[in-house]
Every structure is written in structure tokens, then in C-alpha cells.
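Enquirer: Please find the sequence and the predicted model below.
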Amino acid sequence: MKKRGAYFFVLDALIGGAIFLISIILIIGSYLNTPQTLQAYETTEDIMNLLLNTKVTEFQDPERIISYLAKNGYITNSEQTLFEQISELHYKEEHQLAYNLTKSILNSILEEQYGINYTIYEKKSGINTTIYNRSGESIENSNFMLSSKKITFLVANETTFFGPDITELRVWN
């Protein structure tokens with residue numbers, strides 16, 4: 001009879017341990033499977049803030065696009081931000097240079113696993129111009145897609161201005 005009581009005690013301990021272990025695995029597994037949308041949202045806002053607040057001369061360009069632009073007279077004001085410089089190249093219809101600059105900036109700060117789209121929506125003409133697009137996976141098949149929109153307004157000189165238009169940065173995975 002005493003052996004039988006010990007058998008039930010051991011069996012009860014094993015069942016309790018299994019329930020505890022399964023509970024821990026389920027809790028940890030639920031944390032691992034949640035998509036990182038907050039981090040991605042902060043990433044889109046951080047990238048847009050970097051573009052809005054970093055002067056052209058302050059950015060360490062790995063592909064040396066900025067030095068090429070400065071050497072060839074495309075950068076008219078070294079105090080402009082990266083956002084303003086991309087907009088200026090777009091409005092001056094230097095689309096390939098705007099593409100190269102945007103590609104260099106975004107590829108140097110965002111991992112390849114993310115898709116990126118940088119588009120300027122011109123309100124007056126109704127034209128949507130995609131400055132740069134990098135997509136590993138289509139937006140429709142992605143786990144999440146987040147965007148950050150800012151108003152684009154550029155004063156070329158005292159009589160010429162462009163905008164206000166909307167610039168959108170989309171990031172997805």
C-alpha cells in the first residue's frame with residue numbers, strides 16, 4: 001500500500017511539472033510571435049526625422065552621392081536638410097539624382113529585410129512620383145506596413161516655390 005501512495009505522488013508531481021512547463025512555453029512563445037509594429041512605427045518616424053533634421057553636410061554618405069552632388073553644383077545650399085535636398089532634386093526634375101541620393105540614405109540606415117517606398121504626392125498636378133522603392137516582399141503579402149507623411153514645401157528663390165505637397169515614407173516587412 002505504501003508503494004502505491006508514492007506512485008501517485010510521483011505521478012502527480014510529473015503532471016504538475018508538465019503543466020508548468022507547457023504554460024511557460026506558451027507564454028514565451030506568445031512573446032516571440034508578436035510582430036514588431038511599434039519598433040517599425042518608431043523606425044519610420046525616426047527615418048523621417050533624420051531626413052528632416054540632418055543637414056546635407058552632416059550625413060556620412062557611404063556611396064559618396066552627396067560629394068558628387070556638391071562637386072557638380074547640384075547642392076545649392078549646404079545648410080539644407082536631406083529632406084529638402086531630395087525635394088529640390090525632384091522639383092528640378094533631376095529624378096535619377098533624387099533616386100540615387102534617397103537610395104544611398106535609406107539603404108545605409110534600414111536593413112534589407114524591410115521594403116521601403118519614398119513617394120511625393122503633388123497636389124496641384126495630381127502626379128505621384130515614387131522617388132525610391134525597395135521591396136523584398138510585396139506590401140499585400142507583408143505582416144505589417146506603416147507610413148509617415150510630411151508636408152513638402154520648397155522655396156527655390158524669391159519668386160518660385162513648390163508645394164505644398166505630401167511626402168510619404170512607407171516601411172513594411
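Expert: Received it, and whenever you're ready, just let me know what you need. For clarity, every value in this text was computed on a predicted model and none was experimentally measured.
Enquirer: all contacts plus neighbour counts: C-alpha atoms, from now on.
Expert: Fine.
Enquirer: Quick check: the closest residue to Phe161 other than its chain neighbours vs Glu94, distance?
Expert: Leaving out its chain neighbours, the residue that sits closest to Phe161 by CA to CA, 6 or more residues apart in numbering is Val155, at 4.2 Å. For Val155, the distance to Glu94 (CA to CA, to the nearest Å) stands at 17 Å.
Enquirer: List the residues that contact Thr130.
Expert: Asn117, Tyr118, Thr119, Ile120 (CA atoms under 8 Å, 6 or more residues apart in numbering).
Enquirer: Could you rerun that using 7 Å?
Expert: Tyr118, Thr119, Ile120 (CA atoms under 7 Å, 6 or more residues apart in numbering).
Enquirer: Can I get the residues you listed in TSV including distance to Asn143 and neighbour count?
Expert: Compiled in TSV, those are given as follows (distance: CA to CA, whole Å; neighbours: other CA atoms under 10 Å):
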residue	distance to Asn143	neighbour count
Tyr118	19	22
Thr119	21	18
Ile120	24	21
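Enquirer: roughly how far out does the lengthiest helix in the chain sit from the chain middle?
Expert: As assigned by DSSP state H, the longest helix anywhere in the chain is helix 2-32. Here helix 2-32 is found 44 Å from its chain centre; the criterion is CA atoms, centre = their mean, to the nearest Å.
Enquirer: What's the local residue count around the residue nearest to Ile166 when sequence neighbours are not counted?
Expert: Spatial nearest neighbour of Ile166, chain neighbours left out: Ile151 (4.6 Å); criterion: CA to CA, 6+ apart. The number of residues packed near Ile151 is 13, by other CA atoms under 10 Å.
Enquirer: Many thanks, we can stop here.
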